[in-house]
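Asker: Predicted model and sequence below, questions to follow.
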Amino acid sequence: MTDRFDGMVAIVTGAAGGIGRATCVRFAEDGATVVAVDLAGSDLDETVAAVSNAGGQCLTVEADVTQEADVARYVAETIAAYGRVDAFFNNAGIEGVRAALTDLDEDDFDKVIAVNLKGVWLGMKHVAPAIAQSGGGAIVNTASIAGLSPTPGIIAYGASKHAVVGMTKSAAQELAPAVRVNAVCPGPVETRMMRSLERQFDPDNPEAVHDMFAQANPLGRYAEPEEVAALVTWLCSDDSRYINGAMHTIDGGGNRTR
């Protein structure tokens with residue numbers, strides 16, 4: 001589409017998922033070399049193919065974002081391969097188990113917090129210095145409208161995303177001016193994660209849940225992953241060079257608690 005990221009290197013975690021894959025493709029279309037990170041390397045095959053079809057180059061790294069050694073390794077492999085990092089989409093996340101606060105198992109709570117919160121912190125901890133050493137750039141964290149609104153039934157997910165919002169604001173002040181840090185806060189998106197949540201809401205008729213959420217939105221539908229990717233890459237570009245510490249909702253106007 002453009003050459004706005006020509007010569008630049010972008011790391012994307014959660015790169016095998018819908019939003020992550022779409023963002024890898026959009027970075028590639030706009031000229032970036034992409035480093036795609038996910039827990040299971042084999043799940044990245046479709047991402048590699050999509051980036052290749054977009055005319056881009058893609059390095060894959062299998063890593064667990066909750067393990068500091070793995071996070072340090074995906075940064076080290078990026079530097080070894082390309083010598084720089086310019087943009088980071090800190091996107092890996094899980095939805096967890098839908099349950100009442102009093103019924104949620106401790107292990108399920110801990111797993112969501114580890115991936116969605118600790119993983120985001122570790123990503124910023126290790127990628128930010130590499131971006132600064134490359135001359136500066138941007139980090140975009142994946143939060144959610146669940147980080148701006150009450151989340152009964154998915155309390156661990158909501159807590160983790162509220163925390164990502166807070167971390168983003170603090171990191172934006174700590175890391176500036178070399179590294180800008182912002183977050184995207186999607187509403188429902190056409191992804192595997194939403195299919196999982198729909199099944200948890202109603203295992204017998206998840207399609208009805210989908211229709212209910214879609215019809216409740218002013219635009220009458222979910223977002224497409226590519227629409228989120230467009231916002232992420234804009235936040236990593238020079239077009240947003242004075243935007244720092246901001247939470248960007250992308251929810252069709254459906255979040256009434258802003």
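Answerer: Noted; the coordinates are in hand. Numbers count the residues shown, from 1 in each chain.

Asker: switch to C-alpha atoms for all contacts and neighbour counts from now on
Answerer: OK.

Asker: would you list every one of the helices in the stretch 51-200 of the chain?
Answerer: Along the stretch 51-200 of the chain, counting by DSSP state H, counting those that start in this stretch, helices occupy 68-82, 106-113, 119-133, 155-175, 192-201.

Asker: So which bits of the second one are buried?
Answerer: In other words, helix 106-113. Phe109, Lys111, Val112, Ile113 (16 or more other CA atoms under 10 Å).

Asker: Just put those residues in TSV and tack on pLDDT and distance to Ala216.
Answerer: Formatted as TSV, those follow (pLDDT from 0 to 100; distance: CA to CA, whole Å):
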residue	pLDDT	distance to Ala216
Phe109	97	28
Lys111	97	30
Val112	97	27
Ile113	98	29
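
Asker: Out of those, the closest to Ala54 would be?
Answerer: Nearest to Ala54 among those, counting by CA to CA, is Val112 at 32.7 Å.

Asker: Report how many residues lie close to Asp70.
Answerer: Counted with other CA atoms under 10 Å, residues neighbouring Asp70 total 17.

Asker: Just give me the neighbour total for the nearest residue to it once chain neighbours are set aside.
Answerer: Leaving aside its sequence neighbours, Asp70 sits nearest to Ala63 (CA to CA, 6 or more residues apart in numbering; 5.3 Å). When neighbours are defined as other CA under 10 Å, Ala63 has 22 of them.

Asker: tell me the contacts of Ala63?
Answerer: Contacts for Ala63 (CA atoms under 8 Å, 6 or more residues apart in numbering) come out as Val37, Asp38, Leu39, Ala40, Asp70, Val71, Tyr74.

Asker: filter the residues you listed to the buried ones?
Answerer: Val37, Asp38, Leu39, Asp70, Val71, Tyr74.

Asker: ok, the last one to Leu122 distance?
Answerer: If I follow you right, that is Tyr74. To Leu122, Tyr74 is 11 Å away according to CA to CA, to the nearest Å.

Asker: Which of the buried ones among the contacts of Ala63 lies at the shortest distance from Val51?
Answerer: Distances from Val51 to the buried ones among the contacts of Ala63, taken by CA to CA, are shortest for Val37, at 13.4 Å.

Asker: give me the element the closest one is part of.
Answerer: strand 33-38 (DSSP states H and E).

Asker: Provide the strand pairings for that strand, with the direction of each partner.
Answerer: The pairing partners recorded for strand 33-38 under DSSP bridges are strand 9-13 (parallel), strand 58-62 (parallel).

Asker: Highest mean neighbour count out of the ones you listed?
Answerer: strand 9-13 (a mean of 28; mean count of other CA atoms under 10 Å).

Asker: hmm, who's touching that one?
Answerer: Counting by CA under 8 Å, 6+ apart, 20, 23-24, 27, 32-38, 82, 84-92 sit against strand 9-13.

Asker: got the contact list for whichever helix or strand comes after that strand?
Answerer: The C-terminal neighbour of strand 9-13 among helices and strands, as given by DSSP H and E, is helix 18-29. Residues outside helix 18-29 that contact it (CA under 8 Å, 6+ apart) are 1-3, 5, 10, 12-15, 33-34, 36, 47, 50-51, 54-57, 91-92, 190-192, 225-226, 228-230, 232-233.

Asker: Out of these, name the ones that lie in strands.
Answerer: Ala10, Val12, Thr13, Thr33, Val34, Ala36 (DSSP state E).

Asker: Work out the sheet partners of the lengthiest strand in the chain and label each with its direction, please.
Answerer: Looking across the chain with DSSP E, the single longest strand is strand 179-186. Partner strands and pairing direction for strand 179-186 (DSSP bridges) are strand 137-142 (parallel), strand 247-250 (parallel).

Asker: Comparing those strands, which comes out most buried?
Answerer: Of all those, strand 137-142 has the most neighbours on average by mean count of other CA under 10 Å, namely a mean of 28.

Asker: Take that one, keep the C-alpha atoms, and write them as CSV.
Answerer: Taking Å, rounded to 0.1, in the frame of the first residue of the first chain, the C-alpha atoms of strand 137-142 are listed here in CSV:
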residue,chain,number,x,y,z
GLY,A,137,10.0,4.3,17.4
ALA,A,138,6.6,3.1,18.8
ILE,A,139,5.0,0.4,20.9
VAL,A,140,1.3,-0.4,20.7
ASN,A,141,-0.2,-2.6,23.4
THR,A,142,-3.5,-4.5,23.0
